[in-house]
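Enquirer: got a structure for you, letters missing:
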């Protein structure tokens, strides 16, 4: 026999009516009118007289705040607020571009255009210089020069966040959009990165 687990209730939850534990509450109406600080019994009686629920909307304040309104409407409004907040939140991803020591000029141009596009959209970009075989043991200045080749081709204003880091697969640099510079400004070639 399989036992079904009860799914948690979706949406915001708050104590309502008899679930409220506070002795007295600052009571607001649906229209925002402040009824003052009332005892729990008086607040429940007022909510019953109006035909609505008493909802504890701020349990941490002193005294707690309760609102007299329809509980379903309150849940709907809270869900709507959360949805608007999620839409306004800016999500920045870290996009990755990988190059190798022998990557040709045309391929570097294509990859730098993609980096510029990502920066323009507001994303952070990780450029990885993939090293394999004997190329791992070459001079670090040579590796940095290869990484600079693609950085000189990026047209969007950017800033390097942190120094070049050495990883198990090669060198990595992280770029962010430079918000202080205007997009109309001509981008000068960047100075060589120093570790």
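Expert: Sure, I can see it. Predicted, not measured: the structure shown is a model, and the values here were computed from it.
Enquirer: Name the SS class of residue 37, please.
Expert: Three-state call for residue 37 (DSSP: H, G, I helix; E, B strand; the rest coil): strand.
Enquirer: what sits against it?
Expert: The neighbourhood of residue 37, defined by Cβ atoms under 8 Å, 6 or more residues apart in numbering, consists of 24, 25, 26, 27, 63. Glycine gets a C-beta too; all of them are placed from N, C-alpha and C.
Enquirer: ok, now how distant is the third one from residue 50?
Expert: It refers to residue 26. 17 Å (Cβ to Cβ, to the nearest Å).
Enquirer: neighbour count winner among these two?
Expert: Between residue 26 and residue 50, counting by other Cβ atoms under 10 Å, residue 26 is the more crowded of the two (19 against 13).
Enquirer: Where does that one fall, secondary structure wise?
Expert: For residue 26, the host element (DSSP states H and E) is strand 24-29.
Enquirer: hey, where'd the helices end up in this protein?
Expert: Remark: helices assigned in the chain by DSSP state H are 40-50, 71-88, 105-120, 140-151.
Enquirer: Is it possible to get CSV of the ones you listed that adds mean pLDDT?
Expert: Shown next, in CSV, are those (pLDDT from 0 to 100):
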stretch, mean pLDDT
helix 40-50, 89
helix 71-88, 88
helix 105-120, 91
helix 140-151, 86
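Enquirer: any chance of those in a markdown table, plus distance to residue 133?
Expert: Below are those laid out as a markdown table (distance: least, Cβ to Cβ, whole Å):
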| stretch | distance to residue 133 |
| --- | --- |
| helix 40-50 | 75 |
| helix 71-88 | 47 |
| helix 105-120 | 20 |
| helix 140-151 | 14 |
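Enquirer: Which one, of those, ends up nearest to residue 128?
Expert: helix 140-151 (9.1 Å; Cβ to Cβ).
Enquirer: And the closest one, what does it pack against?
Expert: Judged by 3 or more Cβ pairs under 8 Å, 6 or more residues apart in numbering; DSSP states H and E, helix 140-151 is in contact with strand 94-100, helix 105-120, strand 124-130, strand 170-177.
Enquirer: Turn the ones you listed into CSV, columns for distance to residue 46 and mean neighbour count.
Expert: Formatted as CSV, these follow (distance: least, Cβ to Cβ, whole Å; neighbours: other Cβ atoms under 10 Å):
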stretch, distance to residue 46, mean neighbour count
strand 94-100, 53, 15
helix 105-120, 56, 16
strand 124-130, 53, 19
strand 170-177, 54, 20
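Enquirer: Tell me which of these sits nearest to residue 162.
Expert: Closest among the helices and strands packed on helix 140-151, using Cβ to Cβ: strand 170-177, at 6.0 Å.
Enquirer: Parallel or antiparallel, which strands does that closest one pair with?
Expert: Note on strand 170-177: by DSSP bridges, its sheet partners are strand 124-130 (antiparallel), strand 158-160 (antiparallel), strand 165-166 (antiparallel).
Enquirer: angle of the strand holding residue 26 against helix 40-50?
Expert: Orientation check (axes from the mean of the first three to the mean of the last three Cα atoms, to 10 degrees): strand 24-29 against helix 40-50 gives 20 degrees.
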